[in-house]
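K.L.:
This is the structure alone, sequence omitted:
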């Protein structure tokens, strides 16, 4: 019975995702969101069900964000969400993606699907510049992705994680470097003070030119991995 129930939930997700990909299916978006947020996501939170349910759930979230974007956005002000119901579903879908990006207890394909949903929504609709996303979700996603990079749980996805983090930071790269990343470095427990000061100094030299963000962030990540490995070996 359990296997049959899981199969039915997965099939429902896949079927609704196909419907959600149709631009003429706007009226079905609330029901699709309700299925994802209130029915499948709570089941997927069970560690024993997550491997089966998270992939179709994340695919459905991607289809909703990418193909049904107008169902979430206000008609006369494209910088705002349509109404409280649309806002609630928008934020709930992003929370599902945030959990998957962190990758705790999830497989690499699940993390990859979450990253793909973010990148596709950004490519199609400039998600990372959208005020309701930027105001609430940029720091939580940056935390989740940076944590996934630092603990190296999914090293095979390091390039995709880093690319997504760079895209997240790009709309306000100096705020990202001087506030978010600086705070993160100051609170990493396994980072020795001399290494911390060196990394903070490098960040303080950041250029105003966004084009310099990628090499600086990649160098910082490489240095962090090196220093954390050194310090872990010292504690061992």
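P.N.:
Sure thing, it's come through. Not measured: the values here are computed from a predicted model. Numbering: from 1, shown residues only.

K.L.:
Give me the helices and strands touching the helix or strand containing residue 224, please.
P.N.:
If you go by DSSP states H and E, residue 224 is part of helix 213-235. Packed against helix 213-235 by the contact rule (3 or more Cβ pairs under 8 Å, 6 or more residues apart in numbering; DSSP states H and E) you find helix 138-151, helix 158-169, helix 193-204. The C-beta positions use only the backbone N, C-alpha and C, and glycine is treated the same way.

K.L.:
May I see these arranged in TSV, with distance to residue 26 as well?
P.N.:
Converted to TSV, the helices and strands packed on helix 213-235 look like this (distance: least, Cβ to Cβ, whole Å):
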stretch	distance to residue 26
helix 138-151	27
helix 158-169	28
helix 193-204	44
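
K.L.:
coming back round to it: would you mark the buried spots in the helix holding residue 224?
P.N.:
213, 214, 216, 217, 220, 221, 224, 227, 228, 231 (16 or more other Cβ atoms under 10 Å).

K.L.:
what about the residue nearest to residue 143 when sequence neighbours are not counted, how many residues close to it?
P.N.:
Closest residue to residue 143 apart from its sequence neighbours, by Cβ to Cβ, 6 or more residues apart in numbering: residue 184 at 7.6 Å. Here the number of neighbours of residue 184 (other Cβ atoms under 10 Å) works out to 17.

K.L.:
switch to numbering from 830
P.N.:
Okay, residue one is now 830; in that scheme the one you just asked about reads as residue 1013.

K.L.:
mind checking how far residue 1013 is from residue 978?
P.N.:
In this view, residue 1013 and residue 978 are 11 Å apart by Cβ to Cβ, to the nearest Å.
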